[in-house]
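K.L.:
Starting from these lines, generate the structure:
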Amino acid sequence: MNKFAPLSKLMSKLIYTLMLSAGFAGAAQASKADHQEFEATLHAPFLADAKATSELPEARTFTLSFDYPFLDRAKTVGWTLEVVSPDGVTVQQWKGSRALADKQVDVRVAWDGRGEGVILSDGVYQVRMRASDGDEEVEQSWEIGVGKRVAQAMPAFAPLPVSRQRVDGKGKSGVATTESATDDGATATSVAATASLPYTIYLGNLHSQTNHSDGGGALSSCTGAQNPQSAAFGPADAYAYAKGKGLDFLMASEHNHMYDGSDGTKTTADPAVAKALFQSGLTAAANYNSANPGFLGMYGLEWGVINNGGHLNIFNATELLGWESNGSGQLLADTQTTKNDYAALYTLMRQRGWVGQFNHPSSSGQFIVNGTALGYTADGDQAMAMCEVLNTSAFSTNTSETETSRSTYEGACNKALEAGFHVAFSTNQDNHCANWGASYTNRTGVLIPNGTALTSASMIAAIKARRVYATMDKGSQLILTGNGRMMGDRITNSGPLKLVANFASAAGKTVSSVRVYEGVPGRNGAVTQLSTTATTTVTPAAGDHFYYAKVTQNDGKILWSAPIWVTQTAASAASADGAQAR
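P.N.:
Model (predicted):
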């Protein structure tokens, strides 16, 4: 029994009463500032359509979706779609435009599986979309399989143990840490990790909302962002749901400027109510964790606005941050932060020891510092540890992990890396409806040392160490090492650097393509592909570099490792073993 439950219920009743007396509940509309932006997504099936014929065995249909919530005036969206061969040659291209007004527009492009009528050679191709509304351009790309695809050679790798392994219908599992009940009543057995990688993987969702802001909408009626604090379900509900779906952790990341019950500024708001609501969220997480060891409920802030801003999560904030005041000039937060002043926020986060994540970042117009999008500061480099590389639809009501609406942000994350940020990739669901972690199979994997319990402290330590990876398949792992050192590390090296992309799949998935990318922190240039093999040996040029691996499975699902950062020095300056911690 949860010994904190009576106190939690009493606090919830008190806060709800205060909210009603202040006239907050259900009083506002979904936030324009938080959702007004041009959105363009591409769905490109990895495999051919079921209706493909013997004459056109690789035929499939691509879907381009365009949306602009709260659009003030109609716009025209111009788009280009390309199929690109494994060696970088465009083999098919389409162009078009569509009017965009007050609802989503879908464009379906039927492809015959050929390149301008020519039968294509077997391999893994890329489908790339560029779309512009005249003000902003969005680029997305997905890999697709054409013909027979030879499974890529991958190094032998004993998968790391995981905390909550779901076995398949035959009860098979190779990666659980402890015996645990599974969906079909079978037992998942333990397998030891490789001696050199003494970590346990925890899988979860680091971006979602509840009724403390504009989330928590009942699945039967949820079609988008909720009126702030109007929905049915709060943090404790979200944790229970996620735990029931097999997640190890869930982050309730509430919009920091909605604690007054409004998406704007509520002049009659009581600062005490707003601050108490934030503290009640921290209490809800602590109480749930106390009663449910092995699961981690996290509670914090999604700071900022989309419109001329950018959302970022603060995972371990202990104070409510804000910029709004009521009609009496009282700050509706614990601590004043200036809207859209990211440099100042980074400094505050570093001072407080808080750590953050860039949420669904855009390559332009967001996280501006000194006039530069994703502008670098030394404080920001310390504070920002993660970057969302992929999200499923924020307003999905899917509960069977089959959501097809997904967006990628690898270009923006690469821009942050090239700017000098030491960020690792994550993938989350940004759930606003009450399906926390259930819309798709994507998870953020967090590596915690074996024998260390999953707690707020161990989670934050792992995030600060950038010991994470992003996966579209919760049953697969991708761990990059450099000369035996773990992804997330910052090492000094002399001579050759051996990069190894270690992959494992509990379901026996194989790898259709593997790519290793290289960049230079602080260069503000382009990340480039270094190799297409899982094991790559290179002698870097003198200076700073980062490397990460990206793997596409034979079912099209993608994994991204965290980067490893390398300072390459002359041989005389290196340690005897050629690599040492920086």
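K.L.:
make it CA atoms for all contacts and neighbour counts henceforth
P.N.:
Noted.
K.L.:
Would you confirm that Tyr346 contacts Gly380?
P.N.:
Yes - contact status for Tyr346 versus Gly380: in contact at 4.7 Å, counting by Cα atoms under 8 Å.
K.L.:
Show me which of those two is the more surrounded one.
P.N.:
Counted by other Cα atoms under 10 Å, Tyr346 and Gly380 do not tie: Gly380 has more neighbours, with 25 against 22.
K.L.:
so where's this protein shaky on pLDDT?
P.N.:
Within the chain, the ranges that satisfy pLDDT under 70 run 1-33, 164-196, 571-582.
K.L.:
Can you show me the helices along it?
P.N.:
Under the criterion DSSP state H, helices of the chain are mapped to 5-21, 235-244, 271-291, 342-352, 378-383, 410-419, 456-464.
K.L.:
Just want the most central residue of the protein.
P.N.:
Thr427 (2.5 Å; Cα atoms, centre = their mean).
K.L.:
All the strands of the stretch 51-200 of the chain, in order from the start?
P.N.:
Assigned strands in the stretch 51-200 of the chain, in chain order: 60-67, 75-84, 90-100, 105-111, 114-115, 118-119, 123-132, 137-146, 180-181, 187-188, 199-205 (criterion: DSSP state E, counting those that start in this stretch).
K.L.:
Count the residues that sit near the closest residue to Asn340 other than its chain neighbours.
P.N.:
Excluding its sequence neighbours, the residue lying closest to Asn340 (Cα to Cα, 6 or more residues apart in numbering) is Gly309, at 5.4 Å. When neighbours are defined as other Cα under 10 Å, Gly309 has 20 of them.
K.L.:
Pretty sure Gly365 is one of the things Gly309 touches, is it not?
P.N.:
Yes - if you go by Cα under 8 Å, Gly309 and Gly365 touch, sitting 7.3 Å apart.
K.L.:
beta partners of the residue lying closest to Trp560 once chain neighbours are set aside?
P.N.:
Closest residue to Trp560 apart from its sequence neighbours, by Cα to Cα, 6+ apart: Lys550 at 4.6 Å. In this entry, Lys550 is beta-bridged to Arg515, Trp560, by DSSP bridges.
K.L.:
residues touching Lys550, list them.
P.N.:
Val514, Arg515, Val516, Tyr517, Ile558, Leu559, Trp560, Ser561 (Cα atoms under 8 Å, 6 or more residues apart in numbering).
K.L.:
who touches the closest residue to the first one other than its chain neighbours in this structure?
P.N.:
Spatial nearest neighbour of Val514, chain neighbours left out: Val551 (4.5 Å); criterion: Cα to Cα, 6+ apart. In this structure, Val551 makes contact with Leu478, Val511, Ser512, Ser513, Val514, Arg515, Ile558, Leu559, Trp560, judged by Cα under 8 Å, 6+ apart.
K.L.:
nearest to Ser439, of those?
P.N.:
For the contacts of Val551, the closest approach to Ser439 (Cα to Cα) belongs to Ile558, at 16.5 Å.
K.L.:
if you skip the residues just before and after it, what's nearest to that closest one?
P.N.:
Nearest one to Ile558, counting by Cα to Cα, 6+ apart, is Thr552 at 4.5 Å.
K.L.:
That neighbour and Val516 touch, don't they?
P.N.:
No - using Cα under 8 Å, Thr552 makes no contact with Val516, being 11.8 Å away.
K.L.:
Lys415: what's it in contact with?
P.N.:
So Lys415 contacts Ser363, Leu374, Asn524, Gly525, Ala526 (Cα under 8 Å, 6+ apart).
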